[in-house]
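Q: Predicted model and sequence below, questions to follow.
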There are 2 protein chains.
Amino acid sequence: MTKRNITILGAGLVGSLTAILLKQRGYEVSIFERRPDARKTDIYAGRSINLAMSTRGWHALEKAGLKDAMNAIAIPMYGREIHAIDGNIVFQPYGKNNEAIYSVSRGELNKFLIDEAEKLGVQINFESKCTYTDIASNTITIEDLEGTKNIKVDLLIGSDGAFSSLRNAYAFADKTDYQHFYIGHGYKELHIPAAENNGYLMKKEALHIWPRKNYMLIALPNMDGSFTLTLFFPYEGEPSFKSLLTDEEIIAFFKEQFDDAITLMPNYLNDYKTNPTSSLVTVKINKWTHLDKSLLIGDAAHAIVPFYGQGMNAGFEDATTLANIIDKYKGENWTSILDEYAASRIKNGYAVAQLALNNFIEMRDLVADPAFIERKKIEKELGLRYPNEYLSVYEMVSFSHTPYAVALATTEAQHELYQTIINNTTNFWEQLNDDNYIAQLSIWVKQYSVKANNILANA
Amino acid sequence: MTKRNITILGAGLVGSLTAILLKQRGYEVSIFERRPDARKTDIYAGRSINLAMSTRGWHALEKAGLKDAMNAIAIPMYGREIHAIDGNIVFQPYGKNNEAIYSVSRGELNKFLIDEAEKLGVQINFESKCTYTDIASNTITIEDLEGTKNIKVDLLIGSDGAFSSLRNAYAFADKTDYQHFYIGHGYKELHIPAAENNGYLMKKEALHIWPRKNYMLIALPNMDGSFTLTLFFPYEGEPSFKSLLTDEEIIAFFKEQFDDAITLMPNYLNDYKTNPTSSLVTVKINKWTHLDKSLLIGDAAHAIVPFYGQGMNAGFEDATTLANIIDKYKGENWTSILDEYAASRIKNGYAVAQLALNNFIEMRDLVADPAFIERKKIEKELGLRYPNEYLSVYEMVSFSHTPYAVALATTEAQHELYQTIINNTTNFWEQLNDDNYIAQLSIWVKQYSVKANNILANA
């Protein structure tokens, strides 16, 4: 049996990593990428240059043998640094065991993966745009600097992002359900420069949030000492991108809402006025594969909003799952490989999209809510006391390999447990000294644990 | 001010009628239609050749001065003729005042409208497919027998159906929400021939239904004495299009479920095996217009499932609404015309899509349920006793111009009223003789009426 030739659309993060994992399994792999080579041109200027890498992302890099190299350019963030409107700052750790998510430059990670793929012998064609895909004949139409050509391919992988050409072909296949929708907020990048000698003007190892209920500003650290900030802000209403028109209005707004930040941002007014405003789309489709011919992966299959920091992590998990299934079938019976990939990933793609939408409300509003902060503390205590029974949804998503669909389905059970606790508790922290209370608490956690195990068993 | 030139994509029912209404208002109108001329080729063979025309459809034909001509080829259906599995037949009238919906041949109606449009001077280009639309420059790419050409148009109307080229361009405009999804059922057409001398083998003036819970067969009368039947059937499961494989299985299934029908269908086995199985899509998009340049209408804007018989009626109401708004603005200020059209129609497009999905359950399952039949009778009585306060949702949709969004929103209020009645009533029909009960009933209906009026006022 001859090994299949693999053609990948898109040399972004997920396309490059997938190419590496498949090349390492002995396949011939070539990529068509519509943009110029990221190593020669800055293709990310002013747009989403930071990522939060967590367990699923690291696992994929480790599987590809690239973890150590990336570790050197990733900054751990151990929690959220919450900036209140009065300048007060509170730190909320992400995990109970000092776990971190990692700030990584999207551009650097992409260049690194492209380098590694080329080193392994993956052939990457830049400035080669796929304008049309015929899924029945598995023919792609590529526009490059020399013109337009049709190429019949063997196995096609669409990792060509939120507006994927292959997905567009899938979307209009009979009986395929397809949806994309935008939230009412856009985003704009701002910048805090480095201190002298590449020092940091704010705490380095944290994800900074200025939660303002209906909107928020966040900041992630860069290796050079600077921070990249992102304002998530409504398109319309009061205040919004539409309502802030004059320099005076912009300055007054930032001074009122983000006073501690703008003292560190000499160019915020100019950045606000000149950086693009980008929209935030969610894509859902119930067809990720076609026979043994093609498949979708990454944003092409499940573009999501960025609020759980899971876009790249979910795409990398797609790639490791695909590699595992190929290994399981020893690279034979590709109909089964693609069917199993779809069965495993589609439900998790839907779930991570919903988790990401839900987390926007947590980030922009709840993190500043005393009741929410108390809940996070109590959850941490539950996790420490009952490590085998209780893992918070945030920990499941960011620090475990629990399927996203299970994490989403467990949300409600955790909410019920918490309600049971607070409805039957006067002062949690005092009552922890009461053996009778502890006995009752253990029963509640056990009841929750049964539900959680049922969810996992039925996943 | 010179009048705008109007270009329409699609010479289907809604495109042709829209062309007539606009030509009657003095505009130059041309149509590009991808299919051959329906008057010369049978383009509807084996697919959805019957429509149920109700009040909104008739109103549009009347507005175009075409009602009398169509009346001659429309067959009134005064209610549902329910065929039970044991052969028992029950008639359920649609309205309390002998109202009817009308069985109309899609093909005949389309040919008639194309004729009328051409008579008025509308230029129709057949076998001219729009393959691409650039909404910014308002340029369409047309492929016809002579080749491919780009045409810059003035005002573009997309009435090019469920897979509209213009809508596809809208769907990928920034911040546009788009969705299409299929139900798990497909449909297949079958046929009961005419009796001798164009007589009818079943009751002529009814919509026949064989409700079987998860699926159903329906029949609509044709002018020539025949009936067109449609089997709405799951793609998978037991029974389904997938599960019935051999002649023996098909025959056994029809004999068990539709015994009274197959005695009238000499060719059902062959029809079942050779007629295509078609899928049922719902399309939702929140952008129906672009500046003063283009708009969507009919299925292009809101493809829906056929179970309320409202697809064509909703499209015709789009057209009359557009004509009314044009008249209101005297054909000037097209940005306002298109904005008002979108504001008026999008919410109703979403609502009719939902109403149609809900009605599938009513048709295939509830019409055979004694509790549902009793509810229908009580609703009829309420409508007769309180004609100003109570109009059933079915009557709103089929026999009034109540906006679909209002009809949908009123559903819940009617459900609450009915629950209140049955929870507080021993025997409705006996208690109607009790003055105290009537006084109480009037209070309940009045309370409902206040809610219904609030829904209307907030629409």
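A: Thanks, I have the structure now. Numbers count the residues shown, from 1 in each chain, chains lettered A, B, ... in the order given.
Q: Tell me the helix or strand right after the longest helix belonging to chain A.
A: If you go by DSSP state H, chain A has its longest helix at helix A:334-364. Sequence order places helix A:370-385 as the next helix or strand after helix A:334-364, per DSSP states H and E.
Q: can you give me how far that following helix is from the chain middle?
A: Here helix A:370-385 is found 24 Å from its chain centre; the criterion is Cα atoms, centre = their mean, to the nearest Å.
Q: Please name every helix or strand in contact with that helix.
A: Helix A:370-385 sits against strand A:89-93, helix A:404-423, helix A:435-457, with contacts defined as 3 or more Cβ pairs under 8 Å, 6 or more residues apart in numbering or on different chains; DSSP states H and E. Quick note: C-beta positions are derived from backbone N, CA and C, even for glycine.
Q: How confident is the prediction for the residue nearest to A:Arg364 when sequence neighbours are not counted, by pLDDT?
A: Closest residue in space to A:Arg364, ignoring its immediate chain neighbours: A:Met216 at 4.0 Å, by Cβ to Cβ, 6 or more residues apart in numbering or on different chains. Looking at A:Met216, its pLDDT stands at 96.
Q: how many neighbours does A:Met216 have?
A: By the other Cβ atoms under 10 Å in any protein chain shown criterion, the neighbourhood of A:Met216 contains 24 residues.
Q: Next, count neighbours for A:Leu264.
A: A count of neighbours around A:Leu264, defined by other Cβ under 10 Å, yields 17.
Q: about what we covered before: out of the helices and strands packed on helix A:370-385, which is closest to chain B?
A: helix A:404-423 (19.5 Å; Cβ to the nearest Cβ).
Q: The following helix or strand past the closest one: how far from the chain's middle?
A: Going down the chain from helix A:404-423, the next helix or strand is helix A:428-431, by DSSP H and E. Relative to its chain's centre, helix A:428-431 lies at 36 Å (Cα atoms, centre = their mean).
Q: avg pLDDT for helix A:428-431?
A: Per-residue scores along helix A:428-431 average to 97.
Q: send the alpha carbons of that helix over as PDB?
A: This file holds the C-alpha atoms of helix A:428-431, laid out as PDB (Å, rounded to 0.1, in the frame of the first residue of the first chain):
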ATOM      1  CA  PHE A 428     -18.100  28.600  54.400                       C
ATOM      2  CA  TRP A 429     -14.700  29.300  55.800                       C
ATOM      3  CA  GLU A 430     -15.700  29.100  59.400                       C
ATOM      4  CA  GLN A 431     -17.800  26.000  58.900                       C
END
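Q: Run through the strands of the stretch 51-200 of chain A in chain order.
A: A:75-77, A:79-83, A:89-93, A:101-105, A:123-125, A:129-134, A:139-144, A:147-152, A:155-158, A:178-192 (DSSP state E, counting those that start in this stretch).
Q: For chain A, what lies in contact range of chain B?
A: Within chain A, the residues that sit near chain B (Cβ under 8 Å from any Cβ of the partner chain) are A:163, A:171-172, A:174-182, A:235, A:279.
Q: who touches A:Tyr272 in this structure?
A: Counting by Cβ atoms under 8 Å, 6 or more residues apart in numbering or on different chains, A:Tyr272 touches A:Lys188, A:Leu190, A:Leu231, A:Ile250, A:Phe254.
Q: For the last one, pull up the helix or strand it's in.
A: Counting by DSSP H and E, the element that carries A:Phe254 is helix A:247-257.
Q: which other residues reach that helix?
A: A:85, A:210, A:212, A:217, A:239, A:243-244, A:261-262, A:268-269, A:272-273.
Q: got the contact list for the closest residue to A:Ser165 other than its chain neighbours?
A: Excluding its sequence neighbours, the residue lying closest to A:Ser165 (Cβ to Cβ, 6+ apart) is A:Cys130, at 4.5 Å. Going by Cβ under 8 Å, 6+ apart, A:Cys130 touches A:Leu9, A:Phe32, A:Arg34, A:Ile140, A:Thr141, A:Ile142, A:Asp160, A:Ser165, A:Leu166.
Q: If you tally nearby residues, what's the number for the last one?
A: Other residues within reach of A:Leu166, judged by other Cβ under 10 Å, total 25.
Q: Just give the number of residues close to the residue nearest to A:Ile421 when sequence neighbours are not counted.
A: Nearest residue to A:Ile421, sequence neighbours excluded (Cβ to Cβ, 6+ apart): A:Trp444, at 6.3 Å. For A:Trp444, the count of nearby residues is 17 (other Cβ under 10 Å).
Q: Let me see the mean pLDDT of stretch A:238-255.
A: Mean predicted confidence for stretch A:238-255 is 97.
Q: Pull out the buried positions in it.
A: Within stretch A:238-255, the residues that qualify as buried are A:Pro239, A:Ser240, A:Phe241, A:Leu244, A:Ile250, A:Phe254, counting by 16 or more other Cβ atoms under 10 Å in any protein chain shown.
Q: From start to finish, how long is that stretch in a straight line?
A: End-to-end distance for stretch A:238-255, by Cα to Cα, to the nearest Å: 16 Å.
Q: Then stretch A:213-227?
A: Terminal-residue distance, stretch A:213-227 (Cα to Cα): 22 Å.
Q: Please identify the buried residues of it?
A: Applying 16+ other Cβ under 10 Å to stretch A:213-227 flags A:Asn214, A:Tyr215, A:Met216, A:Leu217, A:Ile218, A:Ala219, A:Leu220, A:Pro221, A:Asn222, A:Gly225, A:Ser226, A:Phe227 as buried.
Q: Which single one of those is nearest to B:Leu17?
A: Proximity of the buried residues of stretch A:213-227 to B:Leu17, judged by Cβ to Cβ, is greatest for A:Asn214, which lies at 44.4 Å.
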